[in-house]
Every structure is written in C-alpha cells, then in structure tokens.
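Q: coordinates for the following, if possible.
(chains A, B, C and D)
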There are 2 protein chains.
Amino acid sequence: MDLVEELRNRGLKVTPQRMAVLRVLSEGGHYTGEQIYETLKKTEPGISLSTVYNALETLREARLINSFEARGATWYEFRKEPHANVICVDSDEILDVDVDLSNLTSSINSKGIKVKGVNLVVYGECGKSGESFHQ
Amino acid sequence: MDLVEELRNRGLKVTPQRMAVLRVLSEGGHYTGEQIYETLKKTEPGISLSTVYNALETLREARLINSFEARGATWYEFRKEPHANVICVDSDEILDVDVDLSNLTSSINSKGIKVKGVNLVVYGECGKSGESFHQ
DNA sequence: AGGGGTTCCTGGAAAAGTTTTAAATTGTTG
DNA sequence: CAACAATTTAAAACTTTTCCAGGAACCCCT
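A: Numbers count the residues shown, from 1 in each chain, chains lettered A, B, ... in the order given. This is a model prediction of the structure:
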C-alpha cells in the first residue's frame, strides 16, 4: 500500500504539503519541524510553518512517520521498525541503531500495560566529531 | 554518601534552593520544572523559576537526578536504576516500570558507541483514567 | 472528463508553554 | 572576610499550538 492510499484509507486528504513533508522524511534522517520547513521553503514557496506542524501531526497519527523528543525539540523520521535513536554527544548526529525491543515490550505488556509506542533515546559517544545538519 | 557530600565532592555549593529541589524529587514521582517551582513556592518564598532550572541542570550533571523529555516538556525524577518511564495515555500518569536494559546497552556498546545515558519512554494504556498531579 | 457542493486543510499571525540568558545582587565556602 | 559561585528578576528565545478566514481536495453526478 503506498502512502497516498494509506492517507485516503484513513479519510485524510492528499495535499501537496503533506506529500512534500513525506518526501523529505522518506529520504531518511531525523528532522525537527523547523528543519523540514527550511528544507521545503526552497521547493514549496508559500508553505508555512504551521502547515508543516499540522502535516507532521497528521502523518504521525496515521503512523506514516515516527517522532521522539530530545534536546528540547521533537524529531521526526520516516516510519520504520522500532529502534534506538542514538544521540552522539560528540558530533551532534542522531543515528538509528537496530536493537530488539520485543522483550522489553512484552515485559511491559505483562505488567498490565498495553504498549502503544516506544521511544528509546540513547546518549552516547560515537567517536566522530563536528556538526552535521542532516540528522 | 549523602547528597550534601556528593555536591561538595563535585565542587558544587550546597544552597538551600538546590536542597529544596532535591527534597521534592526525593519523595518520588515525576515533575516538570514548572511543577517543582509551584511546589517550592509554598515553602521557599522568593525562589525563582530560573533558579529551579539552574538547580535541576546542575543536579542532573552531577547525576543526582535523571531527566527525560516527553509531552513537550522535560521531566525530572530522583536518580534510580535505569527503567522505563511509562506514560499512560488514558490517565496522564507517568509510571516507573523496572525493565532490564543491560542487554540493550551492551548491544549498542558493541557497535562502537559508548552509551552515556538511556531514556526509555513508553506510551501505553494502563487501564486507569482521570488526572493525577503527582506524576 | 467536468462541475458543484461539502468537508477538510492551509496560511498567517498571535499566543502559549517551556527553557535560557543577562546583569546585578546575594550567599557559600575556605 | 575575601573570592567566587549561585540566585534573582526580567526579558528574551525557542518550539509548538491555536484561531479562523480563505482555499483546495474529494465525492457524486451527469
């Protein structure tokens, strides 16, 4: 099922702005709302920051993208398997690291909590240094 | 080693404001900076919000308390073993759930990343409903 | 295909909520 | 008591949400 279909199936309209946000995130990496807005301003003249935030929230509810909070901001990424978001304290990068979270989820489920989402943020030294914009 | 000693050992001054913040957190639960400020205003007349934030950052760096981000705010808790912070989507409570994170940490360490901190935020239904202030 | 109508979405400005900063004052430690 | 760190107050910064009028997407119909 492609992204357009997934939006329609949920009664959501397929707008150019939503597709533009998806296009940015589908290339991989981690972005704040502001970063997506700055990226899209170049190709989507007139798009507004509130539209970006509206689209992000809608796409997140539709589970087409994920979000997590770190460093005082909300970060968005294209949907993918549960994983660790590793924040490199030396390089400011955010890396995806595949880890198995199924044991953890079932352990919490067994305590009477129905797990709806898991956000794992790890702070660590990854040996690199310097800044990188595309996170 | 008590808290006063731990502050002194790190070259930090023991101020009434820092001790007041520790007193709130040591009773357990999860608080935002604003909630701690509101709590302390009753017993520490004249304390300011920025002092609370300064103290929280200092205490966090000294590893006497933990913090994690969720729901658009930073939440603080007294230091304890790594665990899952479960946000109940039905009751707005935040619960501590003990889970073993050692496998996860060593798995990430083995990929060349030196783990400095783990923040595990889980969203789930815990069957309760209604609001609770002390989280 | 094309048009009409309904519903939902967008854009711009402003507000809200959280956290940080600046500069002067006060407090803690040796 | 001197040296230096921490607190206070106010304002600003930063991210995100809200409001609503105008516009666009979708559905149905021909």
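
Q: okay, A:Leu120: pLDDT?
A: We note a pLDDT of 98 for A:Leu120 in this prediction.

Q: got a list of what A:Gly112 touches?
A: Taking Cβ atoms under 8 Å, 6 or more residues apart in numbering or on different chains, we find A:Gly112 in contact with B:126-127. All C-beta atoms are positioned from the backbone trio N, CA, C, and that covers glycine.

Q: tell me how far it lies from B:Asp2.
A: 36 Å (Cβ to Cβ, to the nearest Å).

Q: mind listing what the biggest strand by length in chain A pairs with, with the direction of each?
A: Ranked by residue count, the top strand of chain A under DSSP state E comes out as strand A:114-125. Under the criterion DSSP bridges, strand A:114-125 sits next to strand A:84-88 (parallel), strand B:114-125 (antiparallel) in its sheet.

Q: on the three-state scheme, A:Lys13 is what?
A: Three-state assignment for A:Lys13 (DSSP: H, G, I helix; E, B strand; the rest coil): coil.

Q: so which of the strands paired with strand A:114-125 is the most packed in?
A: Among those, strand A:84-88 has the highest mean neighbour count (mean count of other Cβ atoms under 10 Å in any protein chain shown), at a mean of 23.

Q: domain parsing for chain A?
A: The record's domain parsing of chain A by automatic domain parsing lists A:3-78, A:84-124.

Q: the last one near DNA strand C anywhere?
A: Okay, so that is domain A:84-124. No - using Cβ under 7 Å from any atom of the strand, we find that domain A:84-124 stays clear of DNA strand C, coming within 14.4 Å at best.

Q: repeat that for stretch A:37-46.
A: Yes - contact of stretch A:37-46 with DNA strand C (Cβ under 7 Å from any atom of the strand) involves A:44, A:46.

Q: what does that stretch rub up against?
A: By Cβ under 8 Å, 6+ apart, the residues outside stretch A:37-46 that reach it are A:16-17, A:20-21, A:24, A:31, A:47-49, A:52.

Q: buried subset of those residues?
A: For the contacts of stretch A:37-46, a burial check counting by 16 or more other Cβ atoms under 10 Å in any protein chain shown picks out A:17, A:20-21, A:24, A:31, A:47, A:52.

Q: separation between the residue in chain A positioned nearest to DNA strand C and A:Pro16?
A: Proximity to DNA strand C, evaluated over chain A using Cβ to the nearest atom of the strand, is greatest for A:Thr51 at 2.9 Å. Between A:Thr51 and A:Pro16 the computed distance is 10 Å (Cβ to Cβ).

Q: again with A:Ile87
A: For A:Ile87, the distance to A:Pro16 equals 32 Å [Cβ to Cβ].

Q: go on, A:Ser107?
A: If you measure A:Ser107 against A:Pro16 using Cβ to Cβ, the figure is 43 Å.

Q: quick one, what contacts A:Ala84?
A: Contact analysis of A:Ala84 by Cβ under 8 Å, 6+ apart lists A:96-99, A:120-122, B:104, B:108.

Q: and the pLDDT for it?
A: A:Ala84 is assigned 97 on the pLDDT scale.

Q: now the one 5 residues further on
A: You'll see A:Val89 listed with a pLDDT of 91.

Q: cool, the one 10 residues further on as well?
A: In the predicted model, A:Val99 carries a pLDDT score of 96.

Q: which of the domains of chain A sits closest to B:Ile36?
A: Taking Cβ to Cβ as the criterion, domain A:3-78 is the member of these that comes nearest to B:Ile36, at 17.6 Å.

Q: what count of nearby residues applies to A:Gly127?
A: For A:Gly127, the neighbour count with other Cβ atoms under 10 Å in any protein chain shown is 11.

Q: A:Ser67 too?
A: Other residues within reach of A:Ser67 by the criterion other Cβ under 10 Å amount to 17.

Q: starting at the chain centroid, how far to whichever strand or helix holds it?
A: Assigning secondary structure by DSSP states H and E places A:Ser67 in strand A:65-70. With Cα atoms, centre = their mean, to the nearest Å as the basis, the distance from the averaged C-alpha position of strand A:65-70 to the chain average is 5 Å.
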